[in-house]
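Peer 1: sequence and predicted structure are below.
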Amino acid sequence: MIKSRNWIDRIPKSLPKIEPYLFLLPFFITFFIFYLWPVLFNVIITFTDWRGFHAGNYIGLKNYSELLSSSTFRKAFFNTFWYFVVAGSILLSSGFIVSYFLNIPSVRGKKIFRTIYFLPVAASPVIIGIVFVVIYEFRYGVLNYILGILGFSPVNWLGDVKFSKPAVTGLFVWRMFGLIMMYYLVGLQGLDVSVLEAAEVDGANTWQTIFYIVLPLLRPVILFISVVVSIQVFQIFQEPIVLFSSLFLGGSGGPQDSALSIMQYVYRIGFSYQEMAKAATATLLFMCVIGGIAFLQMKYLGFFGRGR
Amino acid sequence: MSKFKNGIVLGMIMVMSVTVIGFTQQKKVTLTVWSQDSSEAPYIVKEVKIFNQQHPNLKLTIKDLVIPGGDQPTKFLSVLATGDLKLLPDMICPQHFAFARFVRAGIEDEFINLRPYLEKDGLSNFPSYEMWMYNDAVYGVNVSLCAVVYYYNKEVMDRVGINPQNFMLWDDFIEAGKKLKNATGAYMTPLDIASWNQYLIFALQNDGGIFDKAGNVILDKLETIEALELYKRLLDEGVAWPTSQFYGVGTKQAYREEKVAGCIMAGWYSGAILSSIPEIKGKWRITLLPRFKPGGRRTSKRGGSAYHIPKNSPNAEVALEFWKHLQLNPKAQARRFAFFGKFPGYKPAFKEPIVKQYKDEFLGYQKTAEVYLDAFGELPRFYHHPYIAEAFDILNADVISQVVTNKLTPEEALRLAADKLRKIIGR
């Protein structure tokens, strides 16, 4: 028998193979350095008063207690949750409705519509935001001009507490709509046509087909879309910054911080107040909330087995 | 004769040798400068040429990086945290509100204290050094004056028979505003109802503000409250045009349509904003502000940016010399003025002919230096503080918007804001 000169072949067979782990090692190193360590570091500094340069001192749970008692933090939290409910609902429902129509074989110009709806997704969020500032302008904006033609009074979209969140939501939905519509469209096109034909043969009308066949079959897609939408909504940052920022004043949270998002708040306390540890604390608290909501979504939509 | 020729040849060789030695001893230095916008680089390159002519032993070149003024602290802190001093820039130019972040991070002493050089020149030559001061050390001076004036549309005012140059007190301004409104429907000025942007101008003019020199909160000082009361009165009397997009397209369109016939803002406003409205070219002028009371100030300040020199940067000494050339040299300041059109923040520069004789084409060839020189001696102090960012956010969210919507009176809003700010600082 010829002895192998390959050192790996000379390793006793009783020992576990290390080659798979060697191949996985680069991933784990990268994962540790760029994902796991930053998260661990983030958790550690939440117990200090670190401001980004000199070493911080241990202060226990002071950051947590100050944040939870901060009215601005609570306001940002509430605003973000508002965006989650309103923008999320609009995107999930309108995305499905439009994609359903675009999936109908007899509809003409589908490719043109798909392109038009998807264009905002490809555009720069900052550029879109700047354009929307002009659209929302109180006295000279296009939107109020249209409202005037329809007989309505002009709305101070960016200056009135009642309308600042809808203004941000409008921009966000307009920007994300094309992407959500495409996800739904892909899901619809992946459905087994024979099932839909069988339903038609059995006498199901359009509404029955949608509610009892299409939507249940689309559950995995809906789960995916809802998690994507949730993550995007909870990370709302660019839209309020661009809509409410002033030339020389940096980003603002809108009138009385009525449109301030949690990510904007984190940025403000980290890079405006230079309170890095507190920004890390806010991020951690919010990460727990997002994680909880994602878990509930996945449980409700059957990711862990039998769902409703 | 041959000895004479030999002597000449020897002399020429010696001269050439000294010249070669002199050139080889010329120190070559490249300064890394962080500018706020791309327009700075050509100006700095021009000044480098003049600096090199004045310093023959030095050959200075500039590596200019454009980093927005508000982002410079983040980038600087990141570079500093690496511990590699070779990566530090030699000069940075952040905006005034960004300076507080250096103080908050505890690294203001990473910069050279420029106070000795300013005191040698005379502190009174620099009207805004206090904005860059912490614990009596001064880390920069405003690159331009940033004095506030009243811009007005002379054509519109003449039609109605109003001369803003005759305003003595703010009451006169309001009376004129009512006359203008009745005659043309126009407003005297836009007023920012979403932020502290313009309100602070009034507060400082009236010797109020956010912090005093000792770092005490003075939001609830009587003068600060009076300023907010005037601010509200301008809106309530209908002479000011309320806007939540002060720098936006709506305000510019209002100027174009002559719905707003003036603006209370700093000197840089004409170059930064008004100049983008060619339709109003030649029609507008400037004058000093009306006073709060007889004998009071006729100006205020708004904005500012300054060069800082990291003391551990690779070329700190040369950067300091270059800074002196830029800031403590009347001719260099005059050249800066000629390049940017922003009045110098250095008093001796006002004697330079190019500044003194300047006629602003956009403002109808008005000799604007006369107005700004009058303003120089009346500029109020604006003391910064490590917690200035929180103060600004409280003014935005809890003061301005609450007062303009009549939810709180100016006094109530400012007293609550002062208590909130003291609680944040004192925690």
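Peer 2: Cool, got the structure.

Peer 1: the residue in the stretch 1-150 of chain B positioned nearest to chain A: how many residues sit nearby?
Peer 2: Nearest residue of the stretch 1-150 of chain B to chain A, counting by Cβ to the nearest Cβ: B:Arg104, 3.8 Å away. Quick note: C-beta positions are derived from backbone N, CA and C, even for glycine. Neighbour count for B:Arg104, taken as other Cβ atoms under 10 Å in any protein chain shown: 22.

Peer 1: check contacts around it.
Peer 2: B:Arg104 is in contact with A:Arg51, A:Tyr273, A:Gln274, A:Glu275, B:Pro386, B:Tyr387, counting by Cβ atoms under 8 Å, 6 or more residues apart in numbering or on different chains.

Peer 1: looking at this, the fifth one is in a helix?
Peer 2: No: the secondary structure assignment for B:Pro386 gives coil rather than a helix, going by DSSP: H, G, I helix; E, B strand; the rest coil.

Peer 1: I figured it hits B:Val103, correct?
Peer 2: Yes: the pair B:Pro386 and B:Val103 passes the contact test of Cβ atoms under 8 Å, sitting 4.6 Å apart.

Peer 1: more neighbours, these two?
Peer 2: Applying other Cβ under 10 Å to B:Pro386 and B:Val103 shows that B:Pro386 carries more neighbours, namely 22 against 19.

Peer 1: near chain A, which residues of the stretch 101-250 of chain B show up?
Peer 2: For the stretch 101-250 of chain B, the residues in contact with chain A (Cβ under 8 Å from any Cβ of the partner chain) are B:101, B:104-107, B:192-197, B:243-250.

Peer 1: name the nearest residue to B:Trp170, sequence neighbours excluded.
Peer 2: Closest residue to B:Trp170 apart from its sequence neighbours, by Cβ to Cβ, 6 or more residues apart in numbering or on different chains: B:Pro290 at 4.8 Å.

Peer 1: which intervals of the stretch 1-150 of chain A have sub-threshold pLDDT?
Peer 2: Along the stretch 1-150 of chain A, the parts satisfying pLDDT under 70 run over A:1-5, A:8, A:11-15.

Peer 1: closest point of the stretch 51-200 of chain A to chain B, which residue?
Peer 2: Relative to chain B, the nearest point of the stretch 51-200 of chain A is A:Gly159 (3.2 Å; Cβ to the nearest Cβ).

Peer 1: so that residue: helix, strand or coil?
Peer 2: Strictly by three-state DSSP, A:Gly159 counts as coil.

Peer 1: burial count for the residue nearest to B:Trp170?
Peer 2: B:Pro290 has 21 nearby residues by other Cβ under 10 Å.

Peer 1: you'd agree it is up against B:Leu169?
Peer 2: Yes: contact criterion Cβ under 8 Å: B:Pro290 and B:Leu169 qualify, at 5.3 Å.

Peer 1: can you map out the helices along the stretch 201-308 of chain A?
Peer 2: For the stretch 201-308 of chain A, applying DSSP state H, counting those that start in this stretch gives helices covering A:206-209, A:215-217, A:219-234, A:238-244, A:262-271, A:276-300.

Peer 1: what mean pLDDT does the fourth one get?
Peer 2: In this model, helix A:238-244 has a mean pLDDT of 89.

Peer 1: wait, what's in contact with B:Ile286?
Peer 2: B:Val149, B:Tyr150, B:Tyr151, B:Tyr152, B:Ser270, B:Leu363, B:Gln366, B:Thr368, B:Val371.

Peer 1: using TSV, lay out the residues you listed together with secondary structure, pLDDT and neighbour count.
Peer 2: Output for these, formatted as TSV (DSSP: H, G, I helix; E, B strand; the rest coil; pLDDT from 0 to 100; neighbours: other Cβ atoms under 10 Å in any protein chain shown):
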residue	secondary structure	pLDDT	neighbour count
B:Val149	strand	97	26
B:Tyr150	strand	98	23
B:Tyr151	strand	98	24
B:Tyr152	strand	98	26
B:Ser270	helix	91	21
B:Leu363	coil	95	21
B:Gln366	strand	95	19
B:Thr368	helix	93	21
B:Val371	helix	93	23
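
Peer 1: out of those, which one sits closest to A:Cys288?
Peer 2: Nearest to A:Cys288 among the contacts of B:Ile286: B:Ser270, at 50.7 Å, using Cβ to Cβ.

Peer 1: how about the closest one, nearest residue that isn't a chain neighbour?
Peer 2: The shortest distance from B:Ser270 to any non-neighbouring residue, by Cβ to Cβ, 6+ apart, is to B:Phe362 (6.1 Å).

Peer 1: looking at this, the one you found is in a helix?
Peer 2: No: counting by three-state DSSP, one finds B:Phe362 to be coil, located in no helix.

Peer 1: so who does it touch?
Peer 2: The neighbourhood of B:Phe362, defined by Cβ under 8 Å, 6+ apart, consists of B:Ser270, B:Leu274, B:Ser275, B:Lys281, B:Gly282, B:Trp284.

Peer 1: just the buried ones from those, in PyMOL syntax?
Peer 2: To isolate the buried ones among the contacts of B:Phe362 in PyMOL, judged by 16 or more other Cβ atoms under 10 Å in any protein chain shown, type:
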select buried, chain B and resi 270+274+282+284
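
Peer 1: out of the contacts of B:Phe362, which are inside strands?
Peer 2: If you go by DSSP state E, the contacts of B:Phe362 have B:Trp284 in strands.
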